[in-house]
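Asker: Here you go, sequence then predicted model.
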Amino acid sequence: MPNIVCCFKWVVDEAYIKPSSSGKIDLEWAEYKLSDYDRNAIEEAVRLQEIYGGGVTAVTVASSDATKGIKDALSRGPEKAYFINDDQFENLEPSQTSAILAQVIADQIDYDVIICGEGSSDMYSQQVGPRLAEKLGIPCIAFVNQLSIEDKQIIAERKTDEGMEVISAPMPVLVTVLPDINNPRVPGLKDTLAASKKPVINIELEDLASEYKRLLIDKGLKAASIERNCTHFGAGPEDIKAFVEAIRKTGVIDRG
Amino acid sequence: MNFKLTEEQELIRDNMREFARTYVDPVAVEIDENSRYPEEVIKKLAEGGWMGMPFPAEYGGAGVDYLTYAIAVEELSRSCAATGFTMSVHTGLACGPIALYGNDDQKKKYLTPMAKGEHLGAFALTEPGAGTDVGAATSTAVLDGDEYVLNGVKTFTSNGPVANTYVTFAWTDKNDKRNGMSAFIVPRETPGLSVGEHFMKMGIRASQTSEIIFKDCRIPKENLLGKVGDGMKIAMNCFDHGRIGIAAQAVGIAQAALDESISYSKQRIQFGKPISKNQAIQWMIADMYTDITAGRFLYYYAASLKDQGLPFSKEAAMAKVFCAEMCSKHASKAVQIHGGYGYCKGQKVERLMRDAKITEIYEGTSEAQRMVIAGNVLR
Amino acid sequence: MSGVWIYADKYEQVFELLTAGRGLADSLGTKLTALVSGDNDTAQDLIARGADEVLLFPPLAEDQPVQDYVPLMADEAREADPDIFLIAASLKGKEMGARIAARLDTALCSECITMNIDDKGKLQMERLMYGGSAIQTVSINSRPQMATIPPRAYEPAQVIDSRQGSVRTLKKPEPSGMKVIDRKGKAQSSGDISAARVIVCAGRGLEKQEDLDLVRELAGVLGAEVACTRPISEEKHWMTEESCIGLSAKEVKPALYLGIGVSGQIQHLVGIREAGIICAVNSDENAPIFESADYGITGDLYKIVPALIEEFKK
Ligand SMILES: Cc1cc2nc3c(=O)[nH]c(=O)nc-3n(C[C@H](O)[C@H](O)[C@H](O)COP(=O)(O)OP(=O)(O)OC[C@H]3O[C@@H](n4cnc5c(N)ncnc54)[C@H](O)[C@@H]3O)c2cc1C
Ligand SMILES: Cc1cc2nc3c(=O)[nH]c(=O)nc-3n(C[C@H](O)[C@H](O)[C@H](O)COP(=O)(O)OP(=O)(O)OC[C@H]3O[C@@H](n4cnc5c(N)ncnc54)[C@H](O)[C@@H]3O)c2cc1C
């Protein structure tokens, strides 16, 4: 029976991100939420447990006030949580988050399958899952939208730019999941009440052995202009070219 | 003083929001249009443990405080006021009196399946001749051996057409206006109980309303709720806590009206700019936001008094009348902000305005609330 | 050691990264190395398009995923210690980039939208955060400075005759234990507009139901889902309610929305306010949609759409 670990992040709800008059991002009134794709990760872990048995452990690296996030995650089904927290863990970069996760998971948690969301809904760097797999030295299957276990092998259907690949890999393995892998259930009242009683293993910075250096230097944040471009083109052949070029420049097409 | 909900209360609110978005929003328009009871949604609510929130776990409830329950009613009503009301009548007016006045057997037999959401409850007090004036009721209950024989007609019974269990009221002693009324639990299948036609209403159309007719309806003596003569006291007490639910429902409707108004006024362009750039519109939005916040804290206050076991009758009446009236006012303003489109089917504010009005009427009209408040203040 | 490295799992993007990499290599006065799987002809083509050095991967076994190159790429990069390593932000590239960065203990800027070299010779990069509502500027304090680059952010590099360069063939990657047991091409459009990245929306500017084929063809070229306005679903019943966008229908969040013959009434627009880029084709230059669009073409859709199909195919 598989030991399943799911990782989640407690993030600023982007609905609260509004540019201030100076063009800066003001997060003073922001509310937090469970990162959208991590809901799928937790749901998939619980779904696998319902089919194959075993246990589900949720893990997060977060700032110390993210206690609501722990309850939220636990209300969605995992039986225990590791809360790796410090006041300075608010804005970690993917290399730090994955290194911290790797240390705790390697030292303290039995795992056969680790499930992460494809990216977090705030940074969306999509790095933590693959980096964590490397740090643990286990296979990584990213962008998965179907998952099963057969004969101690994980079978995953993953999205590629060309279509789909079905991958088999020995466990332990790490997968990152896409939002269409499942429909996360809505926790019921009793799930929320039960969540407060589940065990939470608290791990603080001083419990961790290594130092986690910042490598990515944040040079500032500004609001992306929300005003629409309002560029007009005529109907001539040159206009068509320029219009298509303008769209291509934005990089939104042909990304699979 | 700290105006902050606990993490658990916040999560429960968020989960109800997620529930309402997932299961209620998709049907809200249709059930309003067809005046249909959303059985599938109520079943989902039951599965999620939402139909018996404030009752002890040993009787099938979730054991949360009344404030948390009221917050859930607000969130549900924000998506659909009728569904919010179905839950609130069931919880506050039907389960509530059994939890408060029922004996252990009654709680096991009736409250438990109700709190689990397997059975739906209704509260049948109002009669054609007895609305605000509850004492004008004419229904009677006569003890005959081990049974009470009920006769009379109840009207405006919410959940009436779909309920399994009714809490009702009748005179056991017609001559004693103060202590002559008693409360009873009547299961639906009791011979002599019949259910009238579902009323077609202006708003909360998915909430089912009908007459309940008792004709030589015999119920065992054990189904007396509380003591003989407790009826009036039980009814008034039910209203006290039911009103917190209605206040929460009204805040939910008003919040939805605000949500819609903000989004529309930022999008609608007239005279070359979004209408939200006009001070006239901004003031409406500012007033809405202010009243909603005031109303919300009024019902939080009433609920937290109740949770602390303190008197809350006046505060519940204040919350109800304030929230209901601000809800009606602002739902109408929301239609105003939407202009002609707001007056047409297909816009949520059109439904909100119809739904809003009832909050000023049921579980005691605004006038009745003011009588309660004045009675307390001028004592 | 120094240098700029590039890798893409698809040729189109190799060419785009050659353009990006060449620019950076020139401003740093260093050489450009391309990693690619292929043969000597491939290598010569990349040299002609700007590479100074090509590291060639031998072909993989049929059941080996392309990610099996990761250990090899990381080992080579550790050895050569380039200044910059760019990887195309395809789905595979994004995963490989993160894994290589982890192996090299360096940082990576995901889906970098602009790159500049500052006066100290360091990369300054911008990327979107918070669902596209904010832009973050970052630089990297470790080596190599890594980034993934979205497709079509750069022009494909052209052939310049008489360019010289070196080619080195790498050893065959070890199988990793991960096996590809099946591959499928792109599924036909599932028809779910709420999850679509690109949406082409049909409005009442279309005259007959058959004309929807024109819109579908454009969608096909863009890999898009087809959606519609309410008159198309509710009045004409040419498409189902499921495909309708707006106040009384669905809200969508595509990266690109392209409205064809859509007037852009508010009830429709509220459904696309979260769209990344809004584009429109409408014959009426005063159509309200142009106020809310990033790029608009004023003209007859029956002339414009076929021209767009041709141009997007290029
Ligand atoms: C949709 C709906 C659902 C309902 N659900 C239930 C239910 O589940 N169970 C139940 O028992 N009842 C229910 N009711 C009944 C509801 O509680 C009554 O309608 C309400 O109490 C008012 O009674 P009435 O309609 O007879 O109005 P009336 O009492 O006739 O009042 C008419 C008007 O006169 C005013 N008025 C009356 N007396 C005075 C006074 N002394 N001083 C000043 N003004 C006064 C009232 O405020 C009102 O404005 C429901 C009603 C509706 C419409
Ligand atoms: C309560 C309510 C709710 C509503 N909800 C929705 C909703 O959810 N979704 C929705 O879409 N609508 C909704 N509507 C309808 C909305 O108001 C508009 O009527 C609708 O969006 C218009 O659709 P359209 O742009 O396709 O058609 P039109 O407004 O008729 O626009 C057609 C456009 O095509 C252009 N055109 C014509 N011929 C050509 C050509 N050959 N080449 C290029 N352009 C051409 C015209 O210039 C025009 O701008 C709602 C309306 C109400 C009242």
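Answerer: Great, that's in hand. Residues are numbered from 1 along each chain as shown, chains lettered A, B, ... in the order given. Ligands and ions are numbered 1, 2, ... in the order given.
Asker: State the helix or strand in which the nearest residue to C:Asp294 once chain neighbours are set aside lies.
Answerer: Distances taken as C-beta to C-beta, 6 or more residues apart in numbering or on different chains place A:Asn229 nearest to C:Asp294, at 3.7 Å, with adjacent residues excluded. Backbone N, C-alpha and C define where each C-beta goes, glycine included. Counting by DSSP states H and E, no helix or strand carries A:Asn229.
Asker: What residues does A:Asn229 make contact with?
Answerer: A:Asn229 sits next to C:293-295 when contact means C-beta atoms under 8 Å, 6 or more residues apart in numbering or on different chains.
Asker: Using CSV, lay out the residues you listed together with neighbour count.
Answerer: Converted to CSV, those look like this (neighbours: other C-beta atoms under 10 Å in any protein chain shown):
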residue, neighbour count
C:Ala293, 29
C:Asp294, 20
C:Tyr295, 25
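Asker: For A:Phe8, which residues are in contact?
Answerer: By C-beta under 8 Å, 6+ apart, the neighbours of A:Phe8 are A:34-35, A:38, A:41-42, A:58-60, A:69, A:73, A:117.
Asker: Generate a ChimeraX selection restricted to the buried subset of these.
Answerer: Buried subset of the contacts of A:Phe8, written as a ChimeraX selection, criterion 16 or more other C-beta atoms under 10 Å in any protein chain shown:
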select /A:34,35,38,41,42,58,59,60,69,73,117
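Asker: Closest one to B:Ala250 out of the contacts of A:Phe8, please.
Answerer: Using C-beta to C-beta, A:Leu34 is the member of the contacts of A:Phe8 that lies nearest B:Ala250, at 30.3 Å.
Asker: Could you list everything the closest one pairs with in the sheet?
Answerer: A:Trp10 (DSSP bridges).
Asker: Tell me the spacing between it and B:Leu11.
Answerer: Noted for A:Leu34: a distance of 10 Å to B:Leu11, by C-beta to C-beta, to the nearest Å.
Asker: Would you mind listing what in chain B touches ligand 1?
Answerer: Contact residues (C-beta under 6 Å from any ligand atom) of chain B with ligand 1: B:89, B:123-126, B:131-132, B:156-158, B:201, B:209, B:358, B:361-365, B:367-368.
Asker: shaky segments in the chain?
Answerer: The chain I'm using is chain A. Where chain A drops to pLDDT under 70, the residues are A:18-23, A:224-227, A:254-256.
Asker: Correction: the question concerned chain C.
Answerer: Counting by pLDDT under 70, the low-confidence segments of chain C come to C:1, C:131-133, C:186-191, C:248.
Asker: Could you list the low-pLDDT ranges of the stretch 201-350 of chain B?
Answerer: Residues of the stretch 201-350 of chain B that meet the cut-off, pLDDT under 70, do not exist.
Asker: picking that back up, can you select the buried ones from the residues of chain B next to ligand 1 in ChimeraX?
Answerer: Buried residues among these (16+ other C-beta under 10 Å), as a ChimeraX selection:
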select /B:89,123,124,125,126,131,156,157,158,201,209,358,361,362,363,364,365,368
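Asker: C:Ser176 touches C:Leu72, doesn't it?
Answerer: No - if you go by C-beta atoms under 8 Å, C:Ser176 and C:Leu72 don't touch, sitting 10.9 Å apart.
Asker: Scan the chain for its longest helix.
Answerer: Using chain A. As assigned by DSSP state H, the longest helix anywhere in chain A is helix A:36-52.
Asker: that answer is for a different chain, and I need it for chain B
Answerer: helix B:231-267.
Asker: That helix near chain A anywhere?
Answerer: No - using C-beta under 8 Å from any C-beta of the partner chain, we find that helix B:231-267 stays clear of chain A, coming within 11.2 Å at best.
Asker: next SSE after that helix?
Answerer: Next helix or strand after helix B:231-267 toward the C-terminus (DSSP H and E): strand B:269-270.
Asker: on contacts alone, who are the packing partners of that next one?
Answerer: The criterion is 3 or more C-beta pairs under 8 Å, 6 or more residues apart in numbering or on different chains; DSSP states H and E, and there are no helices or strands that strand B:269-270 contacts.
Asker: following that strand, which helix or strand comes up?
Answerer: With DSSP H and E, the next secondary element past strand B:269-270 is strand B:273-274.
Asker: partner strands of that next one, parallel or antiparallel?
Answerer: Assessed with DSSP bridges, strand B:273-274 is paired to strand B:269-270 (antiparallel).
Asker: List the contacts of the strand it pairs with.
Answerer: Taking C-beta under 8 Å, 6+ apart as the rule, strand B:269-270 contacts B:275, C:266, C:288, C:291.
Asker: could I get those as TSV with distance to C:Gly246?
Answerer: Formatted as TSV, the contacts of strand B:269-270 follow (distance: C-beta to C-beta, whole Å):
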residue	distance to C:Gly246
B:Ile275	19
C:Ile266	9
C:Pro288	14
C:Glu291	17
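Asker: Would you write a ChimeraX line that selects the buried entries of the residues you listed?
Answerer: Restricted to buried positions by 16+ other C-beta under 10 Å, the ChimeraX selection for the contacts of strand B:269-270 reads:
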select /B:275 /C:266,288
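Asker: Please report how far C:Thr42 lies from C:Asp68.
Answerer: For C:Thr42 relative to C:Asp68 (C-beta to C-beta), the value is 19 Å.
Asker: burial count for residue 25?
Answerer: You didn't pick a chain, so chain A it is. Residues near A:Ile25, counting by other C-beta atoms under 10 Å in any protein chain shown, number 22.
Asker: that's the wrong chain, I wanted chain B
Answerer: 13.
Asker: Just want the phi and psi numbers for it.
Answerer: phi -50, psi -50 (degrees, to the nearest 10).
Asker: ok now do it, which residues does it touch?
Answerer: Taking C-beta under 8 Å, 6+ apart, we find B:Asp25 in contact with B:79-80.
Asker: Now distance to C:Asp63 and secondary structure too, for the contacts of strand B:269-270, in a markdown table please.
Answerer: Listed next are the contacts of strand B:269-270 as a markdown table, based on distance: C-beta to C-beta, whole Å; DSSP: H, G, I helix; E, B strand; the rest coil:
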| residue | distance to C:Asp63 | secondary structure |
| --- | --- | --- |
| B:Ile275 | 61 | helix |
| C:Ile266 | 53 | helix |
| C:Pro288 | 54 | helix |
| C:Glu291 | 54 | helix |
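Asker: Show me how the record splits chain C into domains.
Answerer: Listed domain ranges for chain C are C:4-169, C:193-313 (source: automatic domain parsing).
Asker: ranges for the strands of the stretch 101-250 of chain A?
Answerer: A:113-117, A:140-150, A:153-159, A:163-170, A:173-177, A:200-204, A:216-223, A:231-233 (DSSP state E, counting those that start in this stretch).
Asker: CSV for those strands, including distance to chain B?
Answerer: Below are the strands of the stretch 101-250 of chain A laid out as CSV (distance: least, C-beta to the nearest C-beta, whole Å):
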stretch, distance to chain B
strand A:113-117, 17
strand A:140-150, 20
strand A:153-159, 25
strand A:163-170, 28
strand A:173-177, 19
strand A:200-204, 13
strand A:216-223, 16
strand A:231-233, 17
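Asker: Report the secondary structure state of the most centrally placed residue in chain C.
Answerer: The residue lying closest to the centre of chain C (C-alpha atoms, centre = their mean) is C:Pro151, at 2.9 Å. Per DSSP: H, G, I helix; E, B strand; the rest coil, the secondary structure class of C:Pro151 is coil.
Asker: just to revisit the earlier point, can you tell me which of the contacts of A:Phe8 is nearest C:Ala275?
Answerer: A:Ser35 (21.7 Å).
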